[in-house]
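I'll drop the sequence and a predicted model, then ask my questions.
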Amino acid sequence: MEIKQQYANSPKTYEGYGSRLGTKKGASLDWGDYYFLHVHPPSLINQEKWPALPSSLRPTTDEYTQELLKLCRRLMRVLSKGLGLKEGRLQEAFGGDKDGACLRVNFYPKCPQPDLTLGLSPHSDPGGMTVLQVDDHVKGLQVRKDGAWVTVQPVPDSFIINIADQIEVLSNGAYKSVEHRVMVSSTAERLSMAFFYNPCSDIPLAPIPQLVMPDRPPLFLPMTFNEYRLYIRKNGPKGKSQVESLKIVPKAVHV
């Protein structure tokens, strides 16, 4: 614990080591530790938050980051085509090569009373998309589908891709961000690695004009990713209510 505290997370950026503990009265408590790092662009990397050991950590993480950036940018092209847009349109809205990425390693220890806790409370991720590498043998991730929680079955040597809030905003609701949570176990520890692919932090994001039509008006107000992250941090994880609260309320038409 003494060494962990040397890398304690920053309240402003979450970088470094931290523990999650729910504080809402009557709610399930979060049960897990995490290590959070900015990995792209290089100008945002806080060298003081990178552990010195193991010595292979930095080069391995750098290589992992570069490969996942390639994957995310490729997926952005696919998602753009799925919307009937040119391949680079979503990437352009993200700021082109000014995109960003963070990495969070999650550790969920055994819990003697798993019915009283959650590894992570229900939420949708605030950024663009999340590339998740999960434990092949220990289940824990659940997604909400049709009002019910469905346990994701781990597939060896694969990633889970979660659409996040900014893709829902840019697509004007055509793509939905994934509400998810993490369950804990009384018999097994669990590790996961979440790679968060995000837009440039200071560009206002709103529905892409080509996706706004008379019968489908813009659903979301413009907001920068920095503004949205601050909004999320002030309000905490609340399912999908965060992104839903950004929706434009239609004005009543009197005939």
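That came through, no problem. Numbers count the residues shown, from 1 in each chain.

Next one: the closest residue to residue 226 other than its chain neighbours relative to residue 89, how far apart?
If the residues on either side of it in the chain are set aside, residue 226 comes closest to residue 201, at 4.4 Å by C-beta to C-beta, 6 or more residues apart in numbering. Glycine gets a C-beta too; all of them are placed from N, C-alpha and C. Residue 201 is 20 Å from residue 89, where distance means C-beta to C-beta, to the nearest Å.

Please identify which of those two sits among more neighbours.
Using other C-beta atoms under 10 Å as the criterion, residue 201 and residue 89 rank with residue 89 on top: 20 against 16.

SS state for the nearest residue to the more buried one once chain neighbours are set aside?
Closest residue to residue 89 apart from its sequence neighbours, by C-beta to C-beta, 6+ apart: residue 80 at 4.8 Å. Look at residue 80: counting by DSSP: H, G, I helix; E, B strand; the rest coil, its state is helix.

residue ranges with poor pLDDT in the chain?
For the chain, applying pLDDT under 70 flags the ranges 20-29, 119, 236-239, 241, 249-255.

center of it, which residue is that?
residue 125 (3.3 Å; C-alpha atoms, centre = their mean).

residue contacts, it?
162, 164, 165, 177, 178, 196 (C-beta atoms under 8 Å, 6 or more residues apart in numbering).

In strands, which of the residues you listed fall?
Taking DSSP state E as the definition of strands, the contacts of residue 125 contribute 162, 196.

Format the contacts of residue 125 as JSON lines; extra columns: distance to residue 52.
Below are the contacts of residue 125 laid out as JSON lines (distance: C-beta to C-beta, whole Å):
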{"residue": "162", "distance to residue 52": "32"}
{"residue": "164", "distance to residue 52": "32"}
{"residue": "165", "distance to residue 52": "35"}
{"residue": "177", "distance to residue 52": "36"}
{"residue": "178", "distance to residue 52": "35"}
{"residue": "196", "distance to residue 52": "24"}
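
List just the nearest of the contacts of residue 125 to residue 33.
Set against residue 33, the nearest of the contacts of residue 125 by C-beta to C-beta is residue 196 (17.6 Å).

Residue 101 - how many residues pack around it?
Residue 101: 22 neighbours (other C-beta under 10 Å).

State the distance from it to residue 220.
23 Å.

residue boundaries of the strands in this structure?
Using DSSP E, strands in the chain cover 16-20, 29-30, 32-40, 100-108, 117-118, 120-123, 129-134, 141-145, 148-151, 160-163, 180-182, 190-198.

Show me which residues of the last one are buried.
Read it as strand 190-198. 190, 192, 193, 194, 195, 196, 197, 198 (16 or more other C-beta atoms under 10 Å).

hmm, back to that, quick check: phi and psi on the residue nearest to the centre of the chain?
phi -70, psi 140 (degrees, to the nearest 10).

gap between residue 222 and residue 9?
30 Å.

more neighbours, these two?
residue 9 (16 against 13).

Does that one touch residue 33 like I think?
No - using C-beta atoms under 8 Å, residue 9 is not in contact with residue 33, being 10.5 Å away.

which residues are common contacts for the two?
17, 18.

picking that back up, I'd like the strands of the chain as a markdown table, with distance to residue 55 appended.
Formatted as a markdown table, the strands of the chain follow (distance: least, C-beta to C-beta, whole Å):
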| stretch | distance to residue 55 |
| --- | --- |
| strand 16-20 | 19 |
| strand 29-30 | 32 |
| strand 32-40 | 16 |
| strand 100-108 | 17 |
| strand 117-118 | 35 |
| strand 120-123 | 30 |
| strand 129-134 | 22 |
| strand 141-145 | 31 |
| strand 148-151 | 37 |
| strand 160-163 | 30 |
| strand 180-182 | 31 |
| strand 190-198 | 19 |
